[in-house]
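Q: Build me a model from this:
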Amino acid sequence: MRAPFALERYLADIRDRSAWAPDCAIEDYAGPSVPRPVLYRIANLWALALLDDRFETLLLPVLVTESPVLDVLERDNPSLGRAFLAERLESGACLLLIDGPQEEGDRWPGNRVFYASEEWDNERHA
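A: Okay, the predicted model is just below:
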């Protein structure tokens, strides 16, 4: 029997919200600005990896679509607790994937940040 994994529901939600992202070569983009489908592909792959390995100490993916991010995270994930989420954001232990208010990246320095852009070469990534 597997041990309980506190982030399982949170990561499964990110996995499900980003499952639509196309299979694309994310290594083609250095960031921090990447096409929206690439941003969601990164979110999907990161969530899948953490769910598979069950690591709570790696960067926590945070898919930001509204602001303020800490309030939204707490509202959508009450079982994780505000103190846990705040500590992760304040210590730079998050992978911020921003498809919305870009000021959230500036609000939480020290975290790895990617922003969604509108550009996307459909022919190249079809």
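Q: Could you use CA atoms for every contact and neighbour count after this?
A: Fine.
Q: residue boundaries of the helices in the chain?
A: If DSSP state H is used as the criterion, the helices of the chain fall at 8-17, 36-53, 69-76, 82-90, 103-107.
Q: which helices and strands does the helix or strand bottoming out on mean pLDDT in the chain pack with?
A: Every helix and strand of the chain was ranked by mean pLDDT, DSSP states H and E. The lowest is helix 103-107, at a mean of 90. Judged by 3 or more C-alpha pairs under 8 Å, 6 or more residues apart in numbering; DSSP states H and E, the packing partners of helix 103-107 are strand 94-98.
Q: Sheet partners, orientation included, of the strand it packs on?
A: Within its sheet, strand 94-98 is paired with strand 60-64 (parallel), strand 112-117 (parallel), according to DSSP bridges.
Q: Dump the C-alpha coordinates for the last one into PDB.
A: Same thing as strand 112-117. C-alpha atoms of strand 112-117 as PDB (Å, rounded to 0.1, in the frame of the first residue of the first chain):
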ATOM      1  CA  ARG A 112      11.000  29.800 -11.700                       C
ATOM      2  CA  VAL A 113       8.500  31.700 -13.900                       C
ATOM      3  CA  PHE A 114       7.000  31.100 -17.400                       C
ATOM      4  CA  TYR A 115       4.400  33.400 -19.000                       C
ATOM      5  CA  ALA A 116       1.900  32.500 -21.700                       C
ATOM      6  CA  SER A 117       2.200  34.400 -24.900                       C
END
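Q: show me where pLDDT drops low in the chain?
A: Counting by pLDDT under 70, the chain shows low-confidence ranges at 1-4, 119-126.
Q: Try it again at 90.
A: Counting by pLDDT under 90, the low-confidence segments of the chain come to 1-6, 24-25, 30-31, 53-58, 79, 100-104, 117-126.
Q: just to revisit the earlier point, give me the buried positions along the least confident helix or strand of the chain.
A: Using 16 or more other C-alpha atoms under 10 Å as the test for burial, helix 103-107 gives E104, G105.
Q: coming back round to it: what's the most buried one of the strands paired with strand 94-98?
A: Among the strands paired with strand 94-98, the stretch with the highest mean neighbour count (mean count of other C-alpha atoms under 10 Å) is strand 60-64, at a mean of 22.
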